[in-house]
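Novice: Quick one, structure for this:
(chains A and B)
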Amino acid sequence: MATSNAPPSPTYVALSTPAYHEPAVRHNAQVISQLRSSVAAVLGIAAGILNLTGFAGFAFYLVASVLVGGLILALMAGGKADVYFTDWSGPWIGDVGGNALSFVLFWTLAYSVVHIYDL
Amino acid sequence: MFLDPAIRDWVLFPIMIVMVLVGVVRHYIQQMLNSPPKTNVKAVREMQALQRAARLRTCYGQISPASFELRRTKLSEAFTEGKYLKNPASREQGAAPPNPMTDPQGMEQMMDMMKKNMAMFIPQTLIMSWITFFFSGFVALKLPFPLTLRFKAMLQRGIETADMDVSWVSSLSWYFLNLFGLRGIFTLILGEENGERSVDDIKAMQTFSPAGQPGAAQQDLSKMFEGEKELLQLIEHSWDMRDIEERTLHKWVLQSQGGRLKTE
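Specialist: Take a look at the predicted model:
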């Protein structure tokens, strides 16, 4: 009685890897890369104006970038990273290292212009 | 210590503006020099055959076992016979790889690469000599982070003050900051496919990747076909649609019973 009419035990087959549309993946990466470039520049100017020097500036960049990554995930991807990105780190830290030099450039610029030059 | 605002107005900003403008001009010059890559039908077919095998290898779960077997047999046969090779004759000769120097297509690729490199290096050298000629011998800005003494010789060239902190740097360091930092800005104003990428091209060329090394791809293709064939043979096919009736029914029963399995 206990198991006679139970539905047949499911034989879940592992599905093959999910198929991503390649142009869409490329487009997403491009959107993220553009966003990261502008964010790096804006963060650099912010760090310079705030008079952050040394380690504090780099920490500011890292923390703020991860926060922006969270915003990307929440607002642009609606919290569903696996739908829009092929790997989980894409929205969080993708392109952060590549744009670090942009950050340094604008950081140096804003820091020098605001705090170093005589008015 | 403060710096003269004239340095900011006549050194810092001009260098940055000039570098952005030169980057834009170089982008358009490169677009002008760019000739569309010439290929022939056989070369395209060769690459497409490889890609098709790779696609079959990754997406095989979506077709039925019969269709998969058919495709696998067909592709393996074709790869063994070298049916899709650009010049099947080269396979019989075996040990003689084609010389990239004599291949007209390889020649053209190398010319393209050279043109790109020229467009990359000439403006950079010009800007660098412009800066060292006009803007050397004084401190132009302060970096907001400390550096070790090793950088002093490089970043403070032409400034003869032994005791000054390393983070006070000359205009040449501002040039280098711009050179590396503006790359992200160029992607913003010029789009993804801009000339700044050619640095990556050079790196790819140095690491001997088939894409960057002109002429290297041809000699490997028959071996790539062989490898692809072996990978195809290794696949153990499992279909996404296997037992789909049972799985669907099971899911439907679960839902209709409020997620709980009842046994009567």
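
Novice: Where does the nearest residue to residue B:233 once chain neighbours are set aside sit, in terms of helix or strand?
Specialist: Excluding the flanking residues, the one nearest residue B:233 by Cβ to Cβ, 6 or more residues apart in numbering or on different chains is residue B:76, at 6.8 Å. For glycine as for every other residue, the C-beta is placed from the backbone atoms N, C-alpha and C. Using DSSP states H and E, residue B:76 sits within helix B:65-81.

Novice: Tell me which stretches of chain A form strands.
Specialist: Read by DSSP state E, chain A holds no strands at all.

Novice: for the chain, what's the longest helix?
Specialist: Chain wasn't specified; assuming chain A. Scanning chain A for the helix with the most residues, using DSSP state H, yields helix A:22-49.

Novice: please go with chain B instead
Specialist: Longest helix in chain B, counting by DSSP H: helix B:104-134.

Novice: mean confidence score for that one?
Specialist: For helix B:104-134, the mean per-residue pLDDT is 84.

Novice: Show me what it packs onto, helices and strands only.
Specialist: helix B:13-33, helix B:171-181, helix B:198-206 (3 or more Cβ pairs under 8 Å, 6 or more residues apart in numbering or on different chains; DSSP states H and E).

Novice: and among these, the most buried is which?
Specialist: Of the helices and strands packed on helix B:104-134, the one with the most neighbours on average (mean count of other Cβ atoms under 10 Å in any protein chain shown) is helix B:171-181, at a mean of 21.

Novice: What lies in contact with the helix holding residue B:76?
Specialist: B:49, B:52-53, B:56, B:60, B:63, B:83-84, B:225-226, B:228-229, B:232-233, B:235, B:237, B:239 (Cβ atoms under 8 Å, 6 or more residues apart in numbering or on different chains).

Novice: So which of the residues you listed belong to helices?
Specialist: Per DSSP H, the contacts of helix B:65-81 map to helices at B:49, B:52-53, B:56, B:225-226, B:228-229, B:232-233.

Novice: With neighbour count as added columns, please give the residues you listed in a markdown table.
Specialist: Putting these into a markdown table (neighbours: other Cβ atoms under 10 Å in any protein chain shown) gives the following:
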| residue | neighbour count |
| --- | --- |
| B:49 | 20 |
| B:52 | 15 |
| B:53 | 23 |
| B:56 | 19 |
| B:225 | 25 |
| B:226 | 13 |
| B:228 | 21 |
| B:229 | 18 |
| B:232 | 20 |
| B:233 | 9 |
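
Novice: low-scoring stretches of chain B, by residue?
Specialist: For chain B, the stretches flagged by pLDDT under 70 are B:88-105, B:192-220, B:258-264.

Novice: one more time with 80, if that's ok
Specialist: Residue ranges of chain B with pLDDT under 80: B:1, B:34-39, B:82, B:85-109, B:112, B:157-162, B:191-222, B:254-264.

Novice: And for chain A?
Specialist: For chain A, the stretches with pLDDT under 80 are A:1-22, A:79-83, A:86-91, A:94, A:118-119.

Novice: Quick one: the helices in it, in order.
Specialist: Along chain A, the stretches classed as helices by DSSP H are A:22-49, A:55-71, A:81-84, A:89-93, A:100-111.

Novice: right, and these - which one's nearest chain B?
Specialist: Smallest distance to chain B across the helices of chain A (Cβ to the nearest Cβ): 2.8 Å, for helix A:100-111.

Novice: ok, back up a step: select, out of the helices and strands packed on helix B:104-134, the one closest to chain A.
Specialist: helix B:171-181 (2.8 Å).

Novice: which other residues reach that closest one?
Specialist: Contacts for helix B:171-181 (Cβ under 8 Å, 6+ apart): A:101-106, A:108, B:11-12, B:15-16, B:19, B:124, B:127-128, B:131-132, B:135-136, B:138, B:140-141, B:143, B:154-155, B:157.
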